[in-house]
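>>> no sequence on hand, only this structure:
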């Protein structure tokens, strides 16, 4: 296999402020490139986090089709303009549950743009020249909007949000300590906004073969032929195409790492397995001496739902799985009838493999009733 390389073929800034990058990476065995490219493209479009306006509060407006007093726009026009705003944050991770709050207070005559938006530290508007509204002479415009972090897109269920709750805390300017408990001020006329969080606007890819297929005979093995992937990425300016590529790759690695069953942590284990101890295990051990048929296993299913799991969930090699099936051991609950010695006498079973098997059974809340010899 040739050395794997990642190179940038082209990068530029478009007239509308979007960032473009074209990358070439490979080589991959023939046929594997389309698998990697498809997964990476979907991860770029759906798994890269971004910021967007998810709600706006307008004072003195009963519904979204009404004209805002003192302006030329309706609430619907304002919402469409707010959806065009692009935000970036110094923190790439979405670790704020309720998002950020921004404010606009203006007196006419004036043209309200992204420059008039007051945002908390760490949040910046990428396109501040975006026009939001036009305030007439003598008019006032007071807005409060919520900027949230998320992935993909958000479809609001309707006017379920009745208010934006803003905690007001009196703080000592010298010590920085709160003087009294926060009080939530409830205001009305809050309009939810369908948000698009995707900072990656568009992704294209193409496969390029390293060899000419016509020059190879039919006897040539496919693994000897390689191909490369050409990726074209457009972003909204909040991050570079290379940053989006790195985040998408990390999300793919994090997703596929859940399927590793031989690592330090077995992610196939259910989170509830730690609670299956104490009284439940005592009740299960009382039934272990009986013959654990399928009907018997179903009768104790409420005590431990993992009893009916197939043994294919365990990290067994093909020989071990075959021998266990031959011994009529098909579910985890069937191990309850066996002792340590009986399991150790199975073909392809060693003390090390027995220890691993017992650890996995214990993680599911199962424990053999017969102690090992010499214990």
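Right, received. Where do you want to start? Bear in mind the structure is a predicted one, so any value in this text is a computation, not a measurement. Residues are numbered from 1 along each chain as shown.
>>> tell me the buried residues in the longest helix seen in the chain?
If you go by DSSP state H, the chain has its longest helix at helix 241-256. If you call a residue buried by 16 or more other Cβ atoms under 10 Å, then helix 241-256 has these buried ones: 241, 242, 243, 244, 245, 247, 248, 251, 252. (C-beta placed from N, C-alpha, C; glycine too.)
>>> where does the first one land on pLDDT?
I take that to be residue 241. As predicted, residue 241 sits at a pLDDT of 91.
>>> that one and residue 305: what is the separation?
In this view, residue 241 and residue 305 are 46 Å apart by Cβ to Cβ, to the nearest Å.
>>> what of residue 237?
49 Å.
>>> who has more neighbours out of the two?
Remark: of residue 237 and residue 305, residue 237 carries more neighbours, 18 against 15, as counted by other Cβ atoms under 10 Å.
>>> and what about the more buried one, helix, strand or coil?
At residue 237 the chain is in coil, as set by DSSP: H, G, I helix; E, B strand; the rest coil.
>>> do residue 360 as well
helix.
>>> partners of residue 89 in the sheet?
Beta-bridge partners of residue 89, counted by DSSP bridges, are residue 123.
>>> give me the contacts around the longest helix of the chain.
8, 11, 19-21, 23, 39-40, 43-44, 47-49, 92, 199-200, 231, 233-235, 239 (Cβ atoms under 8 Å, 6 or more residues apart in numbering).
>>> go with 10 Å
With Cβ atoms under 10 Å, 6 or more residues apart in numbering as the contact definition, helix 241-256 has outside contacts at 6, 8, 11, 18-23, 25, 36, 39-50, 92, 151, 198-201, 203, 231-235, 238-240.
>>> buried subset of those?
Among those, those buried by neighbour count (16+ other Cβ under 10 Å) are 18-23, 25, 40-41, 43-45, 47-50, 151, 198-201, 203, 231-235, 238-239.
>>> in this structure, what helix or strand scores lowest on average pLDDT?
helix 279-288 (a mean of 41; mean pLDDT, DSSP states H and E).
>>> which residues of the chain score low on pLDDT?
The chain contains residues with pLDDT under 70 at 1, 92-98, 158-188, 211-224, 260-304, 369-375.
>>> what segments of this structure are helices?
Taking DSSP H, the helices of the chain run over residues 33-46, 75-82, 241-256, 279-288, 294-299, 318-326, 340-344, 351-363.
>>> ok, the closest residue to residue 346 other than its chain neighbours to residue 17 distance?
Nearest residue to residue 346, sequence neighbours excluded (Cβ to Cβ, 6 or more residues apart in numbering): residue 323, at 5.4 Å. Remark: distance between residue 323 and residue 17 (Cβ to Cβ) = 64 Å.
>>> and for residue 334?
63 Å.
>>> could you do residue 46 as well?
The gap separating residue 46 from residue 17 is 23 Å, by Cβ to Cβ.
>>> ditto for residue 236
For residue 236, the distance to residue 17 (Cβ to Cβ) stands at 8 Å.
>>> what do you get for residue 152?
Between residue 152 and residue 17 the computed distance is 22 Å (Cβ to Cβ).
>>> swap in residue 124?
Residue 124 is 14 Å from residue 17, where distance means Cβ to Cβ.
>>> anything in contact with each of those two?
residue 86.
>>> spatially central residue in the protein, please.
residue 47 (6.2 Å; Cα atoms, centre = their mean).
>>> quickly list what residue 190 is bridged to.
residue 57.
>>> tell me, how many neighbours does it end up with?
When counting by other Cβ under 10 Å, one arrives at 20 neighbours for residue 190.
>>> hmm, it is touching residue 101, no?
No. At 12.0 Å, residue 190 does not count as touching residue 101 under the criterion of Cβ atoms under 10 Å.
>>> roughly how far is the longest helix of the chain from the heart of the chain?
11 Å (Cα atoms, centre = their mean, to the nearest Å).
>>> when you give positions from now on, start the count at 702
All right, first residue 702 from here; so that's helix 942-957.
>>> that helix to helix 734-747, inter-axis angle?
Here the directions of helix 942-957 and helix 734-747 differ by 100 degrees (axes from the mean of the first three to the mean of the last three Cα atoms, to 10 degrees).
>>> residues in contact with the residue nearest to residue 939 when sequence neighbours are not counted?
Leaving aside its chain neighbours, residue 939 sits nearest to residue 789 (4.0 Å; criterion: Cβ to Cβ, 6+ apart). Going by Cβ under 10 Å, 6+ apart, residue 789 touches 751, 752, 823, 824, 825, 826, 827, 900, 937, 938, 939, 940.
>>> look up how far residue 891 lies from residue 789.
For residue 789, the distance to residue 891 equals 25 Å [Cβ to Cβ].
>>> follow-up on the earlier one: want to try TSV for the helices of the chain, with distance to residue 703 as columns?
Shown next, in TSV, are these (distance: least, Cβ to Cβ, whole Å):
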stretch	distance to residue 703
helix 734-747	13
helix 776-783	50
helix 942-957	20
helix 980-989	55
helix 995-1000	53
helix 1019-1027	33
helix 1041-1045	47
helix 1052-1064	38
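>>> closest to residue 857 out of those helices?
Nearest of the helices of the chain to residue 857, taken as Cβ to Cβ: helix 776-783 at 10.7 Å.
>>> contacts for that closest one?
Here helix 776-783 makes contact (Cβ under 10 Å, 6+ apart) with 753-757, 759, 762-769, 772, 774-775, 803, 805, 813-815, 818, 831-835, 842, 844, 846, 848, 890, 892-896.
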